[in-house]
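Asker: build me a model:
(chains A and B, ligands or ions: 2)
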Amino acid sequence: MKTSKNLQLTIVGIAAAIGILLILWKPSVLIYGLQGAGLYAAVALPMALILGIVGIINLAHGEFMMLGAYLAYWFSTQFGIDPLLAMIPVLISMGIVGVITYKTTIHRVLGAPELNQLILTFGIAMVLSQVVNLIATSQPRKLSLDYVTASAKVGELSFGTYDFIFVAAAVLFLAGLLFFLRRTKLGKAAVAVGQNPKGARLVGINVDRTYLIIFSIALGLLGIIGTLFLTSHSIFPLVGGSYTMKSFCLVAMAGIGQLKPILWGSLALGVSESFIMSFQGYGGWADIVFFAIIVIVIISRAYKRTES
Amino acid sequence: MLEIRDLNSHYGKLHVLRDINLQIGNESVGLFGPNGSGKTTLINAVMGLWKPTSGSINFNEEDITNIDTYNIARKGIALVPQERELFPGMNVQENLESGAAYIPHAKDELESSLENVYSIFPILKERSKQLAVTLSGGQQRMLAVGRALMAKPKLLILDEPSLGLQPSLVSELFEKLAEMKETVSILVTEQNVRESLKAVDRGYVLENGSVALEDSAEGLSTNPHVIKSYLGL
Ligand SMILES: Nc1ncnc2c1ncn2[C@@H]1O[C@H](COP(=O)(O)OP(=O)(O)OP(=O)(O)O)[C@@H](O)[C@H]1O
Ligand SMILES: [Mg+2]
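Answerer: Ligands and ions are numbered 1, 2, ... in the order given. Below you'll find the predicted structure:
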């Protein structure tokens, strides 16, 4: 107990030292790292809800975000509305997509071994990206929005500020989810279902409906984040894949049932990625570093567990 | 209250329950039988956890044979399963609250039910903030009983409640069950036939999936077959 407190303090200390060094040496790394971290965390949190809390494996996670982004693109170009306004119909549409996907597919494999969920949702990922490819072609789409180019200047340093919207989204998602899981009846039921589905049925929880609602909430959140993603990134049918992998890693790193560590994990990854990107020509190393850090964290956690 | 008619149940080709007929009124009933005789299977059928192949189960005149488990729980049947099925990552109090929160007729009386359970099992009050997974086996058994009581059931089913309990706690538990008899009907399966015969009004003996015997508690305790096979005298 005491050593783990000390360890935590050491980690916080090292992180703070790195932060201060970066502020002095490469302040832009910290800013862009924070923005990148916001995006990672906001995408990973819905997965933490369905994988970490109720235990549904969804390998189509990033593809659902991609679908949300294309829906936002369609709504905003079709009706000439600002994509941020399109967020509302996208949220609703994605919730409905969640209900349909759950009822027609996920529901059927929940009782089966986990490999079935893995294969099923992998298939859904392929179908989603191929269907979008057929309808919208593989040509990247981007909206040009003037508010996205907003920037700020601190002393010598000038940087884009719009992407802080991802940080805000991540913090809001986390606060909302924590409130939902701790304070609401449905949220508590979801926690119970995740810990013991049979026990949950015995105390009168409609387990199937709980899975349905949680899955749809997660897709609704992905609709929101997909819309935000569209405002500042170009989208194409395969854009979601790497976010599935990264979310999966972040959830594994945070530990099953944990939400808050997603923020710290994302921060470490976002900052180290942007640190590497800041060296001309070494950008390609960013993903390697991402996965190396994940592997180290997971191995060290397994090691700690065998020790205790 | 509970009426089981001509119930048959299979696991694949294995015929586990054969034409079971069983009634429970406002009373306490024991269900005895050797390992593998089908006691848990029968209880799972009542609770909707395993669908029977034929026959019917009525609860308060209503057919519940094909109703989902959560709805059966809401109608007033609470089960203390053989494997306890607690929520390991929740503390004692959260586990207890979960027993009442989703049952319409119990959730408004959550506070008084909690006091009641704590007075029956004071150890649970002492450990109210401790995670369920860190309780000993016997404490988890008490928590499972407490969680079922929180639902204010009309029928309380206990599957091997004495499993893993020290002998002094077993007799204490059966005393508590005997006291509760006034307010709730009880169906209890037990290996510990001697103790449980003190707490029940009637009993059934299940052998190879069929009802081999059905009698009052005194009748069973003087029956030569029961004495030989279950009381070990
Ligand atoms: N899930 C299952 N799949 C296949 N067979 C099963 C399953 N569960 C139980 N059985 C079989 O059904 C029979 C009855 O089992 P059951 O668990 O109902 O017995 P029990 O009377 O509760 O025994 P015990 O006293 O050991 O708890 C046994 O032969 C068992 O092997
Ligand atoms: Mg059994």
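
Asker: could you pull out the strands in chain B for me?
Answerer: Under the criterion DSSP state E, chain B contains strands at B:2-11, B:14-24, B:28-32, B:54-59, B:62-63, B:77-80, B:155-159, B:185-189, B:202-207, B:210-216.

Asker: so which elements touch the first one?
Answerer: Using 3 or more CB pairs under 8 Å, 6 or more residues apart in numbering or on different chains; DSSP states H and E as the contact criterion, the neighbours of strand B:2-11 among helices and strands are strand B:14-24, helix B:39-46, strand B:54-59. The C-beta positions use only the backbone N, C-alpha and C, and glycine is treated the same way.

Asker: rewinding a little: so which of the strands of chain B is the most packed in?
Answerer: strand B:77-80 (a mean of 26; mean count of other CB atoms under 10 Å in any protein chain shown).

Asker: that strand vs ligand 2: in contact?
Answerer: No. Counting by CB under 5 Å from the ion, ligand 2 has no neighbours in strand B:77-80; the shortest distance is 12.0 Å.

Asker: and the residue in the stretch 1-150 of chain A that chain B sits nearest to, how many neighbours?
Answerer: Closest residue of the stretch 1-150 of chain A to chain B, CB to the nearest CB: residue A:53 (10.6 Å). The local packing of residue A:53 (other CB atoms under 10 Å in any protein chain shown) involves 23 other residues.

Asker: chain neighbours aside, what residue packs nearest to it?
Answerer: Once flanking residues are discounted, residue A:53 sits nearest to residue A:194: 4.8 Å by CB to CB, 6 or more residues apart in numbering or on different chains.

Asker: that neighbour falls within a helix, correct?
Answerer: Yes. Counting by DSSP: H, G, I helix; E, B strand; the rest coil, residue A:194 is found in a helix.

Asker: for ligand 1, see how far away it is.
Answerer: 23 Å (CB to the nearest ligand atom, to the nearest Å).

Asker: ok, residue B:218 next?
Answerer: Separation of residue B:218 from ligand 1 (CB to the nearest ligand atom): 24 Å.

Asker: ok, that residue - how many residues close by?
Answerer: 11.

Asker: tell me where the model's unsure across chain B.
Answerer: Scanning chain B for pLDDT under 70 picks out B:233.

Asker: can you give the domain ranges for it?
Answerer: Listed domain ranges for chain B are B:1-76+B:154-233, B:87-153 (source: automatic domain parsing).

Asker: need the residues of chain B near ligand 1, please.
Answerer: In this structure, chain B approaches ligand 1 at residues B:11, B:14, B:16, B:33, B:35, B:36, B:37, B:38, B:39, B:40, B:41, B:82, judged by CB under 6 Å from any ligand atom.

Asker: so the third one makes contact with residue B:39?
Answerer: No. Using CB atoms under 8 Å, residue B:16 is not in contact with residue B:39; the gap is 10.3 Å.

Asker: and residue B:52, what are its phi and psi?
Answerer: With angles defined as degrees, to the nearest 10, residue B:52 sits at phi -70, psi 160.

Asker: ok, now residue A:280?
Answerer: Backbone torsions for residue A:280, taken as degrees, to the nearest 10, come to phi -50, psi 130.

Asker: run a quick neighbour tally on it.
Answerer: Residue A:280, neighbours per other CB under 10 Å, totals 6.

Asker: how close does it sit to residue A:24?
Answerer: 21 Å (CB to CB, to the nearest Å).

Asker: same thing with residue B:66?
Answerer: Residue B:66 is 70 Å from residue A:24, by CB to CB.

Asker: what's the answer for residue A:15, then?
Answerer: For residue A:15, the distance to residue A:24 equals 15 Å [CB to CB].

Asker: going by proximity to ligand 2, name the top residue of chain B.
Answerer: Closest contact between chain B and ligand 2, by CB to the ion, is at residue B:40 (3.1 Å).

Asker: so residue A:249 makes contact with residue A:291?
Answerer: Yes. When contacts are counted by CB under 8 Å, residue A:249 is listed as touching residue A:291 (7.0 Å).

Asker: which of the two has more neighbours?
Answerer: residue A:249 (21 against 13).

Asker: angles on the backbone of the more buried one, please.
Answerer: Note on residue A:249: its backbone torsions stand at phi -60, psi -40 [degrees, to the nearest 10].

Asker: the residue nearest to it when sequence neighbours are not counted: what's it in contact with?
Answerer: Nearest residue to residue A:249 in three dimensions, chain neighbours excluded: residue A:294, at 4.3 Å (CB to CB, 6+ apart). For residue A:294, the contacting residues are A:249, A:250, A:252, A:253, A:269, by CB atoms under 8 Å, 6 or more residues apart in numbering or on different chains.

Asker: nearest to ligand 2 among those?
Answerer: Among those, residue A:252 lies closest to ligand 2 (CB to the ion), at 36.6 Å.

Asker: run a quick neighbour tally on the closest one.
Answerer: Residue A:252 has 16 neighbouring residues, counting by other CB under 10 Å.

Asker: quick check: pLDDT value at it.
Answerer: Among the per-residue scores, residue A:252 holds a pLDDT of 87.

Asker: how much space separates it from ligand 1?
Answerer: 31 Å.

Asker: what about that residue, which helix or strand?
Answerer: Applying DSSP states H and E as the criterion places residue A:252 in helix A:241-254.

Asker: fine by me, thanks again.
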